[in-house]
Structures are given as structure tokens and as C-alpha cells.
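> the sequence and its predicted three-dimensional model are supplied below.
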Amino acid sequence: MNRKYYGKLIFELSHKGRKGYMLPKYGASDNNPLSNLPSEMLRSQKPELPEVDELTVVRHYTNMSNNNFGVDTGFYPLGSCTMKYNPKINEELASDSRLGKLHPYQPVNTVQGVLNIYHTLQSALSEIGGMAEFTLNPYAGAHGELTGLMIIRAYHQERNDTKRVKVIVPDSAHGTNPASAAVAGLSIVEVKSRPDGTVDVDDLRPLLDDTVAAVMMTNPNTLGIFEKNIPEIASLVHDCGALLYYDGANLNPLVGVARPGDMGFDVMHINLHKTFSTPHGGGGPGSGPVGVRKGLEHLLPNPRVVKLADGSFDVEYKNNTSGQVTGTLGNFAVIV
């Protein structure tokens, strides 16, 4: 390891007069692009930038990158979004130029393979989650939460049960839960946790009435503890006419072991960057598929990929849904 460069700021490596670039010099002439700028937009002093050669810059940022912890350099014991392995081959497949040149409004007969990918993933996620059907449209996990809550609102409105305007969230909930409920136009009620970190069922009971639209839960919860009372909670929630929402933030430890749908959850979202191989969006492309139990499929947002009797695929739009949350079918490269 080169101690000369390791651990130093780029300014500490600066030496006056050193350069790592060559730019053409402009004089005060009509050819100078700066000559037409208003004086108030020009600096009175030169910017304080480090003066380093190109090799120093390369070494500095290479050493900086080695300070980042990742699956290529060490063992990762915890974390969901940021500490997950994204297989390199999946990155290569998703960046295939033949997929990147497609257009979302191409005729469906020219993109049957693409629609097959959508339908296959929808079916796989339904099996994993124990749900009847999934939509891949939402652009992120939080967007998936909002979509799920829109489905729940549409469910109650379809039944003319318009007084259900409350969403119950645990005091340990991820911050997007109350935020998504608020964006969906619902009010938030907090339920307390027991000393062991799980939801206090005794505190939940008196909160459940005919004004509650849904209860949002994560399992394992945000504290990393498995909510063992889910069947009882699901029964209480359904008895009061509300729906139970599963936040898929911590789905990883359940995959292949247990399914939210079997526990009694009615609606769920999955963060593809947490449970599967897509990279964390970091504000960029993401995906938050939403699944529903049997009886709620018609409320999934438009458009939907469906398999026809002849084995081909089509993109379907219906009137009696929860609406439309994206321009087309979500982030295709992320889904791949």
C-alpha cells in the first residue's frame, strides 16, 4: 500500500504548478467564449482547486474506492439495500443493446419476448409472495407502497366504505410507511411495540374500528425481529373490515421459507433492489412491484401484461382499476 497517497485529501497532495490537463488559451477577442459574459457572472478570484498531475488523481480516487466496503472486498453481515450482491452477469444481461433499443409503445407483436419476461416475473413474484397477481409498474419501493395504498383505497371505495381513512403503523415502522399513507390522503395512527420489539396486540385492538383502511407491517420488522403474532393480527384486522399491508423491505429472510400471503397479508410490495439482484437506484431507476391476494387483482393499476389463450401476450387497460401510476410498464431494464 502506498502511504504517500492513502488516506490523504486531494488538497494535501496538491503542489503548485502541477497540471493534469491541457486546455486551449483564449485571449480578449471575439473568439473568447467568456468575453460576452456579464461581469457579475465572472469570478473575482480563481477557484481553490488542487493542483495535481493526472497520475496522482488516478491513484487518489483508486485509493478512495478501496475505502468503500462492498461484497467484492469483504463479508457483509447486515443490511438490505446497500449490502447485497448484484451478480455481474445480470448487469450484463440488463444492459444488452438489443433490449436498450426497444420502445415502450412498439406494437405488442414485435415485443412478445419482452412481455414474456414481464409475465414470467409477475408469476414468479406471485409464487414467492403467496399472492394472486403482481404488477411491475411502480418505479421504487416507496412508489410501490403508494400504489398498494391506492389499491386499498380503491377497494374500500368500491364497497362504498368511504369512512375508512386511517392507516395504522407500528412505532418501529420505516419512515416511508406514514409518508406513503399521507401522500395517499390517509391519516396515520401509531401502534406501540412490546418490550421485545414486536407489535403490541393489546394496544392494537382498541385502535381497530370502521374508520381503519389498513394496517401496514414489515416482517421481520424494522428492528429485525420476526412478528410471530401476524395470524392473530391478520384476524383482528380482517374482522374490522380493514386490509393488512406487507412492507417488503425485509423480505430477504422469508424467501423460500414463508410467504406473506399465507400469513394473511392482502397487499404487499417488494423492493427489487433489496430482495433481488437489481442495484440500488440511489435516486435513479428502481422498481417496487405490488402484489394482491385473490379478489383484488382487478384493482392493480393499468397497464397489465396478460397471457392470452393462444399463448401470446398482450398489454391490457381496464376501467375498474386503482388508476395508473407509471407511463407504461415500469423500469424494464431493472425488471430484466
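Great, that's in hand.
> pull the CA atoms of the lowest-mean-pLDDT helix or strand in the chain into PDB?
Least confident helix or strand of the chain, by mean pLDDT, DSSP states H and E, is helix 272-275 with a mean of 82. What follows is helix 272-275, C-alpha atoms only, in PDB (Å, rounded to 0.1, in the frame of the first residue of the first chain):
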ATOM      1  CA  LEU A 272     -36.300  -5.500  -6.200                       C
ATOM      2  CA  HIS A 273     -33.000  -3.700  -5.100                       C
ATOM      3  CA  LYS A 274     -33.300  -5.300  -1.700                       C
ATOM      4  CA  THR A 275     -34.500  -8.800  -2.200                       C
END
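> domain ranges for this structure?
Under the assignment automatic domain parsing, the domains of the chain span 1-68, 94-335.
> ranges for the strands of the stretch 151-300 of the chain?
Under the criterion DSSP state E, counting those that start in this stretch, strands of the stretch 151-300 of the chain are mapped to 166-170, 187-191, 212-218, 243-248, 267-270, 290-292.
> in the stretch 151-300 of the chain, which spans are helices?
Here the stretch 151-300 of the chain has its helices, by DSSP state H, counting those that start in this stretch, at 176-183, 201-204, 230-239, 260-263, 272-275.
> mind exporting the C-alpha coordinates of the fourth one to CSV?
What it means is helix 260-263. Extracted in CSV, the C-alpha atoms of helix 260-263 (Å, rounded to 0.1, in the frame of the first residue of the first chain):
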residue,chain,number,x,y,z
PRO,A,260,-46.7,-13.0,3.4
GLY,A,261,-49.9,-14.1,1.6
ASP,A,262,-50.0,-17.3,3.7
MET,A,263,-49.7,-15.2,6.9
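> so which residues make contact with it?
If you take CB atoms under 8 Å, 6 or more residues apart in numbering as the criterion, helix 260-263 is touched by 129-131, 219, 230-231, 234, 246, 248, 251, 254, 268, 291, 293. Every residue, glycine included, has its C-beta placed from N, CA and C.
> figure out which of the domains of the chain is closest to P87.
domain 94-335 (5.5 Å; CB to CB).
> and that closest one, end to end?
End-to-end distance of domain 94-335 (CA to CA, to the nearest Å): 8 Å.
> about what we covered before: most tightly packed of the domains of the chain?
domain 94-335 (a mean of 18; mean count of other CB atoms under 10 Å).
> can you list contacts of stretch 216-236?
The contact list for stretch 216-236 (CB under 8 Å, 6+ apart) reads 145, 167-170, 172-174, 177, 181, 193, 196-199, 201, 204-205, 208, 215, 244-250, 253-254, 260, 263-265.
> closest to N302 out of the helices of the stretch 151-300 of the chain?
helix 176-183 (19.6 Å).
> chain center to the closest one, what's the gap?
In this view, helix 176-183 has its centroid 14 Å away from the chain centroid, taken as CA atoms, centre = their mean, to the nearest Å.
> check stretch 246-255 too.
Distance, centroid of stretch 246-255 to centroid of chain: 13 Å (CA atoms, centre = their mean).
> how long is it end to end?
Its first and final residues considered, stretch 246-255 spans 14 Å by CA to CA.
> do stretch 119-137 as well
12 Å.
> quick one on the thing from earlier: let's have the contacts of helix 260-263 in JSON lines, adding pLDDT.
Listed next are the contacts of helix 260-263 as JSON lines, based on pLDDT from 0 to 100:
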{"residue": "G129", "pLDDT": "96"}
{"residue": "G130", "pLDDT": "97"}
{"residue": "M131", "pLDDT": "98"}
{"residue": "N219", "pLDDT": "92"}
{"residue": "I230", "pLDDT": "95"}
{"residue": "P231", "pLDDT": "94"}
{"residue": "A234", "pLDDT": "97"}
{"residue": "Y246", "pLDDT": "97"}
{"residue": "G248", "pLDDT": "92"}
{"residue": "L251", "pLDDT": "90"}
{"residue": "L254", "pLDDT": "90"}
{"residue": "M268", "pLDDT": "97"}
{"residue": "G291", "pLDDT": "97"}
{"residue": "R293", "pLDDT": "97"}
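> mind putting those in TSV, distance to A333 included?
Converted to TSV, these look like this (distance: CB to CB, whole Å):
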residue	distance to A333
G129	22
G130	27
M131	24
N219	30
I230	35
P231	39
A234	36
Y246	26
G248	21
L251	22
L254	27
M268	23
G291	21
R293	29
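> out of these, who's nearest E48?
E48 lies nearest to G248 out of these, by CB to CB, at 46.3 Å.
> so that closest one bridges to which residues?
Counting by DSSP bridges, G248 forms beta bridges with I270.
> now do N66 against H60, distance only.
Distance check for N66 against H60: by CB to CB, to the nearest Å, it reads 11 Å.
> same question, N229
53 Å.
> now do H238
59 Å.
> can you check I335 too?
In terms of CB to CB, I335 sits 37 Å off from H60.
> same deal with N160?
According to CB to CB, N160 and H60 sit 65 Å apart.
> fine, thanks again, bye for now.
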